[in-house]
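Asks: predicted model and sequence follow; I will ask about them next.
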Amino acid sequence: MTADTPSSSAADSAINSQDADHSGEIEYRHLPERVKRAIRHRQDAGEILIGRVQLAVVSLFGTLQLSDIG
């Protein structure tokens, strides 16, 4: 590289500064509020579904364990 050639553009540096966190969280600041609410609603519904599946699996294994003891 030469001295007058920039190593990265302004857009690249902005992207790199956002990616520097690496927390795994997606930032939704630029989205409209209705989209944020829809995303939150879907995430909540997914968590409820996962909770119900976990409860079913624990109940199944508990039932199998109890039937094996008796």
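Replies: Here it is on my side, so go on.
Asks: need the longest helix for this structure.
Replies: helix 33-69 (DSSP state H).
Asks: give me the low-pLDDT residue ranges for the chain?
Replies: 1-25, 70 (pLDDT under 70).
Asks: which residues touch Ile50?
Replies: For Ile50, no contacting residues are found, by C-beta atoms under 8 Å, 6 or more residues apart in numbering. In this view, the C-beta of every residue, glycine as well, is placed from N, C-alpha and C.
Asks: now it: how far from Val57?
Replies: Using C-beta to C-beta, to the nearest Å, one gets 11 Å for the distance from Ile50 to Val57.
Asks: which residues are common contacts for these two?
Replies: If you check Ile50 and Val57 against C-beta under 8 Å, 6+ apart, no residue is contacted by both.
Asks: near Leu31, how many other residues are there?
Replies: Neighbour count for Leu31, taken as other C-beta atoms under 10 Å: 13.
Asks: my bad, Pro32
Replies: Number of residues near Pro32 (other C-beta under 10 Å) recorded here: 9.
Asks: now swap in Glu47 and tell me
Replies: 10.
Asks: likewise the one 5 residues further on?
Replies: Here the neighbour count serves as a burial measure; for Arg52 (other C-beta under 10 Å) it reads 10.
Asks: ok, now Leu55?
Replies: Here the number of neighbours of Leu55 (other C-beta under 10 Å) works out to 10.
Asks: look up how far Phe61 lies from it.
Replies: For Leu55, the distance to Phe61 - C-beta to C-beta - is 11 Å.
Asks: go on, Gly46?
Replies: Going from Gly46 to Phe61 by C-beta to C-beta gives 23 Å.
Asks: and what of Ala38?
Replies: 35 Å.
Asks: was I right to think Tyr28 contacts Arg40?
Replies: No - if you go by C-beta atoms under 8 Å, Tyr28 and Arg40 don't touch, sitting 9.2 Å apart.
Asks: for Val57, what are its contacts?
Replies: So Val57 contacts nothing (C-beta under 8 Å, 6+ apart).
Asks: residue contacts, Glu33?
Replies: Residues near Glu33 by C-beta under 8 Å, 6+ apart: none.
Asks: swap that for Leu31, sorry
Replies: Residues near Leu31 by C-beta under 8 Å, 6+ apart: Ile39.
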